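In: this one's structure only:
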């Protein structure tokens, strides 16, 4: 298959031909058509197989068909874990898209932010960024993602690792939901795959090789050596082997500086790059190393991923990485694009755990080679996990007692489940016993008396019980209820059979302190004395007064007022300034008098 058969435009085919490529690599042959179809892609391939071109070429093809980016916006976002990788991806995009009118911008930390904000004002069709600086620019409204079409995670396993997962989630929350997602890396663990599936939607999974592999043309070997003599052995290998370009990996930043100073002390030009170096110093060191001005470049794991150095012959692991997957990325800096390379690891006895993990990941044992004069005092143990593949596994002895125990346990479990089900069925079928009805207790003497009663007495007793149930008394007629003197009528007033309490057609008796018999008697005496303001009047048996003339007073109607006066409301004031019913003796009370 040729690049001309992948559906790329002529400007892109011309740019690829100028780089000297004619046939795509396996990852490019599968990834480019999948990306052009518009589907999400998860691609895993070994280092040095052209993954960057695998997503760069189809992205440029899609962007060339649309409109240019607006101010402070991006159409495609490519996230990388390191600054060096971001710069490399930007260079690749510019190389393949030099015949297209597309704008490319790279942003990362370690440099001033103002020049990056000025470049973003004109918009970016392809924006390559590290997560931290991208969030800073978005917080200052220097970039927005309303027009974003594609998201690319380069070295996705590291991007989704614990160090970047929170920033990645924040960035994805800012992006539009309708977009195309691409994830490219050399390794994809099972946990990372599960997490990546939450970001992508029905992705196309491309795996050129097994989950973790190294380049076939990279020779790997290890030199057992004591820890304190590692720098001496490194100097011996570089000087005696006439190595002109060596990439050395150190586990710590301080260790990288010490190794560089040690080599410079003995006349071997060396530079160190790590996180404490400024971006300018890191860029200059990498450029001088690529140009051949520096023989040895000492780096931490920031340079382990994505750094493309043409024809790098040697990679040395002075310290083994804590994460076995990083070993694959380290040695992947050599043997790129089908070239040959050599990876050497200097291993001490205290690193046997990291060695076992690496050999377990690779599935084979690293070749051990002792250097004369540097034999270790403390030997590095052999990896049993790696040795298992070299010898045929012995068949296990049959263990009949174990099989019998398993069979018994299985049968016991089956029987217990059957017994439990039987108990449940019996409990459902079993009916609860009915409780006997309670009967009232009757004395034996009463039963004997009842037994000796005649039929007439029984009928009379039955009639009395029926009347009692209906609320009647034995002396009343059939169907007539007894008149209860203490039962209230429908108006809420108490019934009374006493005619003296219902004088004047009043529905209720008089209430208050003077509403009793004594009060009525006192009021009658006061009326006899001629007091017209008495509280209680004489009963209205007829419409004439004591002199024979027709009375002009109105009969009291309705319920008595709050003050006890039956005819008028207590709130109305009379002409003499007193409230009706307010004085108890019937006499008008002066304003200065006190209540007795």
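Out: Thanks, I have the structure now. Bear in mind the structure is a predicted one, so any value in this text is a computation, not a measurement.
In: CA atoms for contacts and neighbours, from now on please.
Out: Fine.
In: what's the offset of stretch 195-214 from the middle of its chain?
Out: Relative to its chain's centre, stretch 195-214 lies at 25 Å (Cα atoms, centre = their mean, to the nearest Å).
In: All the strands of the stretch 351-500 of the chain, in order from the start?
Out: Secondary structure of the stretch 351-500 of the chain (DSSP state E, counting those that start in this stretch): strands at 367-368.
In: er, the chain I mean
Out: 41-44, 74-79, 104-107, 124-129, 150-154, 180-185, 204-207, 218-224, 246-249, 270-273, 296-299, 314-317, 341-347, 367-368 (DSSP state E).
In: what's the second one packed up against?
Out: Contact here means 3 or more Cα pairs under 8 Å, 6 or more residues apart in numbering; DSSP states H and E; on that basis strand 74-79 packs against strand 124-129, strand 150-154.
In: ok, residues contacting that strand?
Out: The contact list for strand 74-79, computed with Cα atoms under 8 Å, 6 or more residues apart in numbering, reads 63, 69, 86, 123-131, 143-145, 147-154.
In: Among those, name the buried ones.
Out: Those of the contacts of strand 74-79 that meet the buried threshold are 63, 69, 86, 123-131, 143-145, 148-154, by 16 or more other Cα atoms under 10 Å.
In: ends of stretch 70-83, how far apart?
Out: 25 Å (Cα to Cα, to the nearest Å).
In: what's near enough to touch the closest residue to residue 56 other than its chain neighbours?
Out: Take residue 56 and drop its neighbours on the chain: the residue closest to it by Cα to Cα, 6 or more residues apart in numbering is residue 93, 6.2 Å away. Counting by Cα under 8 Å, 6+ apart, residue 93 makes contact with 56, 60, 104.
In: Just list the residues touching the first one, thanks.
Out: In this case it means residue 56. Counting by Cα under 8 Å, 6+ apart, residue 56 has contacts 92, 93, 96.
In: try it again with 10 Å
Out: 32, 35, 78, 89, 90, 92, 93, 94, 96, 97, 126, 152 (Cα atoms under 10 Å, 6 or more residues apart in numbering).
In: do the same with the last one
Out: The neighbourhood of residue 104, defined by Cα under 10 Å, 6+ apart, consists of 74, 76, 90-91, 93-94, 97, 119-120, 123-128.
In: if I read this right, residue 187 contacts residue 46, doesn't it?
Out: Yes. Residue 187 is within contact range of residue 46, at 7.6 Å (criterion: Cα atoms under 10 Å).
In: Low-confidence stretches in this structure?
Out: Within the chain, the stretches with pLDDT under 70 are 47-48, 160-163, 191, 209-217, 302-308, 335-339, 384-399, 401, 430-434, 473-596.
In: Show me how it divides into domains.
Out: Per automatic domain parsing, the structural domains of the chain span 3-207, 218-387.
In: chain center to the shortest one, what's the gap?
Out: To tie it back to what came earlier, the one meant is domain 218-387. Using Cα atoms, centre = their mean, the offset of domain 218-387 from its chain centre is 42 Å.
In: residues near residue 184, how many?
Out: By other Cα atoms under 10 Å, 23 other residues sit near residue 184.
In: partner residues bridging the closest residue to residue 94 other than its chain neighbours?
Out: Ranked by Cα to Cα, 6+ apart and with sequence neighbours excluded, the top spatial neighbour of residue 94 is residue 104, at 7.1 Å. Beta-bridge partners for residue 104, by DSSP bridges, are residue 126.
In: Find the nearest non-adjacent residue to residue 40, please.
Out: With sequence-adjacent residues excluded and distances taken as Cα to Cα, 6+ apart, residue 40 is closest to residue 203, at 4.5 Å.
In: ok, the one you found - contacts?
Out: For residue 203, the contacting residues are 34, 39, 40, 41, 42, 43, 180, 181, 182, 183, 196, 197, by Cα under 10 Å, 6+ apart.
In: For residue 200, see how far away the residue most central in space within the chain is.
Out: Nearest residue to the geometric centre of the chain (Cα atoms, centre = their mean): residue 169, 12.0 Å. Taking Cα to Cα as the measure, residue 169 falls 13 Å from residue 200.
In: Residue 84 against residue 281, yeah?
Out: No. Judged on Cα under 10 Å, residue 84 makes no contact with residue 281 at a distance of 11.7 Å.
In: Who has more neighbours out of the two?
Out: Comparing residue 84 with residue 281 by other Cα under 10 Å, the one with more neighbours is residue 84, at 20 against 14.
In: Output the longest helix belonging to this structure.
Out: helix 400-429 (DSSP state H).
In: which among the contacts of residue 104 gets closest to residue 218?
Out: Comparing those against residue 218 with Cα to Cα places residue 91 closest, at 26.0 Å.
In: quick one on the thing from earlier: can you pick the most crowded of the contacts of residue 56?
Out: Within these, neighbour counts (other Cα under 10 Å) peak at residue 126, which reaches 27 neighbours.
In: List the buried residues of the longest helix of the chain.
Out: For helix 400-429, it's none, nothing buried (16+ other Cα under 10 Å).
In: Over to stretch 284-304?
Out: 285-286, 289-290, 294-304.
In: all helices for the stretch 301-450 of the chain, in order.
Out: 324-331, 352-362, 384-387, 400-429, 444-451 (DSSP state H, counting those that start in this stretch).
In: which residues touch the last one?
Out: With Cα under 10 Å, 6+ apart as the contact definition, helix 444-451 has outside contacts at 457, 458.
In: Quick check: chain neighbours aside, which residue is closest to residue 374?
Out: residue 225 (6.2 Å).
In: burial measure for that neighbour, as a count.
Out: 24.
In: That one contacts residue 319, doesn't it?
Out: No. Between residue 225 and residue 319 there is no contact under Cα under 10 Å: 11.5 Å.
In: how close does residue 273 sit to residue 253?
Out: Residue 273 is 8 Å from residue 253, where distance means Cα to Cα.
In: quick one: buried residues of stretch 107-115?
Out: The neighbour-count check on stretch 107-115 (16+ other Cα under 10 Å) flags 107, 108, 109 as buried.
In: quick one on the thing from earlier: ok now do the residue nearest to residue 374, which residues does it touch?
Out: Contacts of residue 225 (Cα under 10 Å, 6+ apart): 233, 345-349, 370-371, 373-380.
In: tell me the phi and psi of it?
Out: phi -160, psi 150 (degrees, to the nearest 10).
In: measure it to residue 371 for me?
Out: Per Cα to Cα, residue 225 is found 8 Å from residue 371.
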